[in-house]
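Peer 1: sequence first, predicted model second:
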Amino acid sequence: MFNFLPKEFNFFDLMEKQVGFAAEAAKAFKEVAAKGAVSDESINKLQDIEHQGDDVTHTILEQLDKTFITPIDREDIHALAKELDDIIDMTCTIASRMKIYRVDRIDKYLVEFADIIEESVSSVNCAIKGMRNMKNVKQIYMACVEVNRLENAGDKLRDVALGDLFDNQKDPIEIIKWKEIYQEAETVLDICEDVTNVVESIVVKNA
Amino acid sequence: MFNFLPKEFNFFDLMEKQVGFAAEAAKAFKEVAAKGAVSDESINKLQDIEHQGDDVTHTILEQLDKTFITPIDREDIHALAKELDDIIDMTCTIASRMKIYRVDRIDKYLVEFADIIEESVSSVNCAIKGMRNMKNVKQIYMACVEVNRLENAGDKLRDVALGDLFDNQKDPIEIIKWKEIYQEAETVLDICEDVTNVVESIVVKNA
Amino acid sequence: MFNFLPKEFNFFDLMEKQVGFAAEAAKAFKEVAAKGAVSDESINKLQDIEHQGDDVTHTILEQLDKTFITPIDREDIHALAKELDDIIDMTCTIASRMKIYRVDRIDKYLVEFADIIEESVSSVNCAIKGMRNMKNVKQIYMACVEVNRLENAGDKLRDVALGDLFDNQKDPIEIIKWKEIYQEAETVLDICEDVTNVVESIVVKNA
């Protein structure tokens, strides 16, 4: 089923490369959380990953435009490439914002977000890799269910974190900073779910 | 024209069910506004509607992926299902945020927003139901014009509400809370307009 | 290649008209920045441009729905029309928000944003106009590269502006206002890049 693609456009290789960068970004972000602060070194590392990810995204989209027949609907490949790119960008944005806002500590909620993000991106990785062979349907579905579960966990975590923030933080400027950071962290998990929604749709169409 | 769909995927039944949940959410939100405060009971009610709406959205998208010929462009059905889902989600988000922020009063602007949202979702309902028979073109257009009018009214209301907030509220934390609530309320009306834009596009294509 | 379109739907004329309104909006916004304050006159001028732009957007989308064969993929025309509309809307939103927030001075960062926005929209204009004849490939690509460069410049400018704001502004209400204004200004540049991404995609598909 997946042999129609021109050899020069190996969608699966490129997509695996891209989700690999998403996994690296999630790992680098978890290291930031473990260190308890964002350093210039971490920012540089994340930006380096972001640029490499950008290159792959660009290659996928360009190859897609040059390719007439794809085994997977064009708009699905397009959506996957954009959303994997968004995962990387948003993860980098959080670290970058923390630097700009001079956030010099990582609170327990963000540590938990970093864990959940890493787990979710790891399941996204599984789902994407599973697509090489539609026999992996069960593995793909299990990964999608996990991403969905982690998105719900992230929603709850954001609500708890925001509740704590508004109940206990009296400095409005700190509220502005952390509100944005929590909401961006939750957005990473939303985008992971968007990816697996597309993957599920691809699987159903090819069933 | 609309007989091509496989019997098991009754798009119109599902879409009416989904817009019905949107109408219920708008009604529940108006009750919150009428009571002047958000209660655990209201939150539970809204979350219950949200979950039922999620199930219908999921069914529509899955059936869509399994269906080769649809009377309406696939991407239009997809967009409608996602946007009706977004109406419900965003309405629930406002109530949930009010609880987390411990907002214990509803101001006059939010009461007005709740009215406009209910009217707009009711017109969205009309437009969606009208699609069963393209002879209803006039009814559909009138509903779309009404949704557009209410979106403009919502824009103006948000501007007045934000102006009042920044002129008279001196507590920056209150400004953070209410700015988000007003902007989210206006977003519900934007999404209603997105729905009717898709409906109009479907009507034109099938004219 | 571009003769397939029905005469009554002159996509290129309409698109040039629309990008012309985007250029007018960017110019009007630069005048606001030059004057150092937003006046009712500027707001009215911008709203007038916005309404004219809305009309063209509506015409394009409606004609698109009525047209079976287009030389350019329907979804690409749809995306271009929506994104050019978004450029105009977002530019108007910034000025409107400044009025509502009673911002009575324009800071150096916003002056720089107004310059970059005008340059970027001018390159978007070049890219759109270039599409009339695919022989202009080089001109189109150069315009797209320029829009990309300006988007990166805008990212850096926003980071510097936000850093300065959080380092030096002690009034949280001022932070709320300016944070939103800077982020919206950067969003205009993001949308310009979205437009040129679609243009590049069209060029590659027609190469």
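Peer 2: That came in fine, so what should we check first?
Peer 1: what residue is smack in the middle of chain A?
Peer 2: What sits nearest the mean C-alpha location of chain A, by C-alpha atoms, centre = their mean, is A:Ile87, with 3.1 Å.
Peer 1: list the buried residues of the host helix or strand of it.
Peer 2: Following DSSP states H and E, one finds A:Ile87 within helix A:74-100. Within helix A:74-100, the residues that count as buried by 16 or more other C-beta atoms under 10 Å in any protein chain shown are A:77-100. Just so you know, the C-beta spots here come from the backbone N, C-alpha and C atoms, and that holds for glycine as well.
Peer 1: off-centre distance for that helix?
Peer 2: 6 Å (C-alpha atoms, centre = their mean, to the nearest Å).
Peer 1: show me what that helix is packed against.
Peer 2: helix A:11-35, helix A:40-66, helix A:108-130, helix A:172-205, helix C:137-168 (3 or more C-beta pairs under 8 Å, 6 or more residues apart in numbering or on different chains; DSSP states H and E).
Peer 1: now for A:Asn197, how many residues are close by?
Peer 2: Neighbours of A:Asn197 under the rule other C-beta atoms under 10 Å in any protein chain shown: 18.
Peer 1: how about the contacts made by it?
Peer 2: Residues in contact with A:Asn197 (C-beta atoms under 8 Å, 6 or more residues apart in numbering or on different chains) are A:Cys144, B:Leu61.
Peer 1: gap between it and chain C?
Peer 2: 19 Å (C-beta to the nearest C-beta, to the nearest Å).
Peer 1: try A:Leu157
Peer 2: Applying C-beta to the nearest C-beta, the value for A:Leu157 to chain C is 24 Å.
Peer 1: count of residues packed around that residue?
Peer 2: Look at A:Leu157: counted by other C-beta under 10 Å, it has 21 neighbours.
Peer 1: cool, and A:Ile191?
Peer 2: The tally of other residues near A:Ile191 (other C-beta under 10 Å) stands at 23.
Peer 1: quick check: which element contains the residue of chain A most remote from its centre?
Peer 2: For chain A, the residue at maximal distance from the C-alpha centroid (C-alpha atoms, centre = their mean) is A:Lys170, at 32.2 Å. Using DSSP H and E, A:Lys170 is not contained in any helix or strand.
Peer 1: so which bits of chain A are right by chain B?
Peer 2: A:75, A:159, A:162-163, A:166-167, A:172, A:175-176, A:179, A:197, A:201, A:204-205, A:207 (C-beta under 8 Å from any C-beta of the partner chain).
Peer 1: in chain A, where is pLDDT below threshold?
Peer 2: Per-residue confidence for chain A (pLDDT under 70) gives these ranges: A:1-9.
Peer 1: try 80
Peer 2: A:1-9, A:68-69, A:71, A:134, A:207 (pLDDT under 80).
Peer 1: helix, strand or coil for A:Arg132?
Peer 2: Here A:Arg132 is recorded as coil under DSSP: H, G, I helix; E, B strand; the rest coil.
Peer 1: sorry, back to before: looking at the helices and strands packed on helix A:74-100, which is closest to B:Val56?
Peer 2: helix A:172-205 (15.3 Å; C-beta to C-beta).
Peer 1: so how far is A:Ile72 from A:Ser129?
Peer 2: Just so we're on the same page, residue A:129 is Lys rather than Ser. 14 Å (C-beta to C-beta, to the nearest Å).
Peer 1: neighbour count winner among these two?
Peer 2: Counting neighbours by other C-beta under 10 Å for A:Lys129 and for A:Ile72 shows that A:Ile72 has the greater number, 22 against 18.
Peer 1: who's in contact with the more buried one?
Peer 2: Applying C-beta under 8 Å, 6+ apart to A:Ile72 gives the contacts A:Phe11, A:Met131, A:Ile202, A:Asn206.
Peer 1: could you check the angle helix C:172-205 makes with the helix holding A:Ile87?
Peer 2: 150 degrees (axes from the mean of the first three to the mean of the last three C-alpha atoms, to 10 degrees).
Peer 1: and stretch A:67-86, how far out from the chain's middle?
Peer 2: Offset of stretch A:67-86 from its chain centre (C-alpha atoms, centre = their mean): 16 Å.
Peer 1: before we move on, what about stretch A:35-54?
Peer 2: Averaging C-alpha positions (C-alpha atoms, centre = their mean) puts stretch A:35-54 15 Å from its chain's average.
Peer 1: do that stretch and chain C meet?
Peer 2: No - using C-beta under 8 Å from any C-beta, stretch A:35-54 never reaches chain C; the gap is at least 10.5 Å.
Peer 1: for the residues of chain A next to chain B, which one is nearest C:Glu118?
Peer 2: Looking across the residues of chain A next to chain B and measuring by C-beta to C-beta, the closest to C:Glu118 is A:Ile176, at 29.7 Å.
Peer 1: would you check that A:Asp104 makes contact with A:Ala37?
Peer 2: Yes - A:Asp104 lies in contact with A:Ala37 (C-beta atoms under 8 Å); the separation is 5.5 Å.
Peer 1: list the buried ones in stretch A:43-60?
Peer 2: Buried-residue list, stretch A:43-60, by 16+ other C-beta under 10 Å: A:Ile43, A:Lys45, A:Leu46, A:Ile49, A:Glu50, A:Gln52, A:Gly53, A:Val56, A:Thr57, A:Ile60.
Peer 1: do the same with stretch A:58-67
Peer 2: Under 16+ other C-beta under 10 Å, the buried positions of stretch A:58-67 are A:Ile60, A:Leu61, A:Gln63, A:Leu64, A:Asp65, A:Thr67.
Peer 1: ok, so of these, who is nearest chain C?
Peer 2: Proximity to chain C was ranked across the buried residues of stretch A:58-67 by C-beta to the nearest C-beta; first place goes to A:Asp65, at 3.9 Å.
Peer 1: tell me the contacts of that closest one?
Peer 2: Applying C-beta under 8 Å, 6+ apart, the residues near A:Asp65 are C:Ser201, C:Val204, C:Lys205.
Peer 1: ranking by neighbours, what's the top pick from these?
Peer 2: C:Ser201 (20 neighbours).
Peer 1: do you know how far the closest residue to it other than its chain neighbours is from B:Leu46?
Peer 2: Nearest residue to C:Ser201 in three dimensions, chain neighbours excluded: A:Asp65, at 5.1 Å (C-beta to C-beta, 6 or more residues apart in numbering or on different chains). Relative to B:Leu46, A:Asp65 is positioned 43 Å away (criterion: C-beta to C-beta).
Peer 1: please list the residues of chain A that sit near chain C.
Peer 2: Residues of chain A lying near chain C (C-beta under 8 Å from any C-beta): A:61-62, A:65-66, A:75, A:96, A:100-102, A:172-173, A:176-177.
Peer 1: quick check, nearest of those residues to B:Val137?
Peer 2: Compare each of the residues of chain A next to chain C with B:Val137 using C-beta to C-beta and the shortest gap goes to A:Glu75, at 28.9 Å.
Peer 1: residues in contact with A:Phe11?
Peer 2: By C-beta under 8 Å, 6+ apart, the residues touching A:Phe11 are A:Leu5, A:Ile60, A:Gln63, A:Thr70, A:Pro71, A:Ile72, A:Ile77.
Peer 1: if we can go back for a sec, of the residues of chain A next to chain C, closest to B:Glu151?
Peer 2: For the residues of chain A next to chain C, the nearest to B:Glu151 is A:Glu75 (27.3 Å; C-beta to C-beta).
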